[in-house]
Each structure stands twice: as C-alpha cells, then as structure tokens.
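Enquirer: Sequence first, then the predicted structure, then my questions.
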Amino acid sequence: MRKIVAGNWKMNHGPVAAAGFFDRFRPETDPESVELIFFVAGLSLHAVEASARVPVGLGVQNIHWEPSGALTGEMSAEMAAEAGASYILAGHSERRHVFGETDAEVSRKVAAAVRAGLVPVVCVGELLEERRAGRLAEVLRRQVSAFVPALRGSGEFMVAYEPVWAIGTGETATPYDASEAHGIVREALGALGKAPILYGGSVKPGNAAALMSAPDVDGVLVGGASLEPEVFARIAAAGEQSVE
Ligand code: PEP
C-alpha cells in the first residue's frame with residue numbers, strides 16, 4: 001500500500017525560502033508508492049505550487065471555522081482552498097497546547113474543512129503524564145470521538161497520531177508504540193477505521209523506515225526534518241522502502 005510522507009513546516013519557510021527548498025528537493029520516489037504532502041504557511045502556498053517540480057499535495061496548518069468575517073488575522077478553509085490548498089492540519093499539538101485549542105474547536109475546524117472540500121488531517125496524541133498514568137487509550141478515544149461527528153460520515157480524511165512528548169524533542173515512539181496507538185485510533189474510528197493514520201514525533205531518516213513498516217502505520221508527519229530538502233527526500237525514500 002502507498003505510504004504518505006507529509007511535512008509540517010510550522011512557522012518556517014516564507015515564499016522565498018519555499019521556492020529555494022524546491023530548487024534542491026529531488027526525491028527519487030515513485031508518486032505511486034509515496035504521496036508527498038506539505039503543510040506550509042498560507043502565504044507560501046503559491047510559491048510551493050509554482051516551484052515544486054514533483055507532484056506534491058498542498059496543505060495549511062490551521063484555519064478558522066467561520067467562512068469569512070471580522071476576525072482579524074484569521075484564514076478560512078474557503079480562502080485556503082482558493083489559494084491552492086487541498087489539506088488542512090487540525091488539532092496539531094502546538095495548536096492544542098500552545099494556543100489552548102480545545103476538542104470542540106478542533107471539531108469545528110474539521111467541519112469547516114469538510115464544508116470547503118479540504119481533506120482534514122486531524123492530529124491526536126497524549127501528554128507524557130497521560131501515558132505514564134495509563135490513560136493513552138482514554139485520551140485517544142476522547143480526541144477521536146470529538147471530531148468524528150464533524151466528518152458527517154463522508155469525505156476523505158486522515159489522522160496523525162503525534163504523542164506530545166515526541167514532538168520536536170528528539171524522543172520517538174517505538175514502532176511498537178506507534179502500532180499500538182494506531183490500533184486504538186482505528187478502533188475508535190469504527191466504520192471510518194480504514195482512513196490513513198500517520199505517525200508524527202521526531203521522525204528522521206534513521207527511524208522513518210522502521211516506523212513506516214510497523215503494522216497500521218500508513219505514513220509519517222514530519223516537522224523539523226521536513227525543513228531540509230535532502231533530509232526530507234531521504235525520509236520519502238524510507239517510505240518507498242516500507243511499501244509492501
Ligand atoms: C510535527 O510538527 O508535527 C512534528 C511531528 O514535529 P517534529 O517532527 O519536529 O517532532
């Protein structure tokens with residue numbers, strides 16, 4: 001099955017740096033085996049679209065749930081779609097834990113993405129203290145059950161399992177940990193359980209193949225290691241190695 005290798009550039013790479021990235025990004029992967037997606041700043045969408053020399057999916061990292069209005073500084077799903085995005089990250093752990101986004105707000109963003117025809121990639125994941133307290137399954141089930149109704153049973157979506165303790169810390173879940181959590185998410189999704197589930201949290205060229213070969217792991221969402229074109233191309237190659 002095809003693997004998905006997605007990069008989350010966070011607040012990095014404006015239009016000039018984005019174009020420079022694609023001058024050097026030369027993945028040798030077959031798009032039939034590895035689907036590449038980039039979550040970029042809204043203002044870099046056009047630069048990525050204009051400078052990517054290989055097929056890439058384009059997404060934004062956050063939206064507001066209203067379609068338009070007096071909400072200074074916000075961007076709607078419709079505006080992101082108009083600017084060329086097809087995907088949106090919802091509920092990234094930095095949104096949840098730095099900006100205080102709640103499950104209810106994530107669900108409204110998922111509904112807005114569906115309304116605008118964007119594919120939501122919904123991030124879920126536990127804090128270290130929740131894992132240590134044996135609450136992994138409870139937290140994941142709560143986060144999944146909050147956004148599933150917003151999908152209204154239709155449309156394409158993905159989930160990214162990103163344990164909060166592994167994001168940007170250098171700590172990575174083992175392939176076994178990732179499989180276990182993905183199994184919990186799949187079960188919580190019920191009838192929607194065939195959706196792709198990505199793993200995210202300090203993915204690097206050295207651990208990407210093992211993670212993507214683990215049962216139930218359909219791809220990866222990569223933060224820091226997606227900023228360097230050569231490094232991200234090596235992660236894409238690891239995705240191809242793990243295709244069955
Ligand atoms: C992320 O931003 O989704 C992420 C997983 O970051 P990092 O790969 O840097 O841990």
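Expert: Received, thanks.
Enquirer: Name the residues of the helix or strand hosting A233 that come out as buried.
Expert: Element membership for A233, per DSSP states H and E: helix 229-241. Buried residues in helix 229-241, counting neighbours by 16 or more other Cβ atoms under 10 Å, are found at P229, F232, A233, R234, I235, A236, A237, A238, G239, E240. Placement of C-beta: from N, CA and C, glycine included.
Enquirer: does Y199 sit in a helix, a strand or a coil?
Expert: Of the three states, Y199 takes strand according to DSSP: H, G, I helix; E, B strand; the rest coil.
Enquirer: Go through the buried residues of helix 229-241 and name the one nearest the ligand.
Expert: I235 (9.8 Å; Cβ to the nearest ligand atom).
Enquirer: related to what we said a few turns ago, and the ligand, is the helix holding A233 touching that?
Expert: No: for helix 229-241, no contact with the ligand is found by Cβ under 6 Å from any ligand atom; the gap never falls below 9.8 Å.
Enquirer: How far off centre is that helix?
Expert: Chain-centre distance of helix 229-241: 16 Å, with Cα atoms, centre = their mean, to the nearest Å.
Enquirer: give me the element G168 is part of.
Expert: G168 is part of no helix or strand when elements are defined by DSSP H and E.
Enquirer: Next, the contact list for the closest residue to the ligand within the chain, please.
Expert: Closest residue of the chain to the ligand, Cβ to the nearest ligand atom: G223 (2.1 Å). G223 sits next to G7, N8, K10, I167, G168, G200 when contact means Cβ atoms under 8 Å, 6 or more residues apart in numbering.
Enquirer: one more time with 6 Å
Expert: Applying Cβ atoms under 6 Å, 6 or more residues apart in numbering, one finds that G223 lies in contact with N8, G168.
Enquirer: any idea how far it is from S51?
Expert: Separation of G223 from S51 (Cβ to Cβ, to the nearest Å): 21 Å.
Enquirer: State the phi and psi torsions of the residue of the chain closest to the ligand.
Expert: The phi and psi values for G223, taken as degrees, to the nearest 10, are phi -90, psi -100.
Enquirer: what does the helix or strand of the chain with the lowest mean pLDDT contact?
Expert: Least confident helix or strand, the chain: helix 128-132 with a mean of 94, by mean pLDDT, DSSP states H and E. Residues outside helix 128-132 that contact it (Cβ under 6 Å, 6+ apart): V139, W165.
Enquirer: so where does the residue of the chain most remote from its centre fall, helix or strand?
Expert: Distance from the C-alpha centroid of the chain, by Cα atoms, centre = their mean, peaks at A70 (28.3 Å). Using DSSP H and E, A70 is not contained in any helix or strand.
Enquirer: Would the least confident helix or strand of the chain count as contacting the ligand?
Expert: No: shown here: helix 128-132 not in contact with the ligand (Cβ under 6 Å from any ligand atom), separated by at least 14.0 Å.
Enquirer: What ranges does this structure have for its helices?
Expert: 15-24, 45-51, 77-82, 93-97, 103-116, 128-132, 136-151, 175-189, 205-213, 229-241 (DSSP state H).
Enquirer: TSV please, covering those helices and showing distance to F38.
Expert: Listed next are the helices of the chain as TSV, based on distance: least, Cβ to Cβ, whole Å:
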stretch	distance to F38
helix 15-24	9
helix 45-51	6
helix 77-82	13
helix 93-97	17
helix 103-116	17
helix 128-132	29
helix 136-151	22
helix 175-189	22
helix 205-213	16
helix 229-241	9
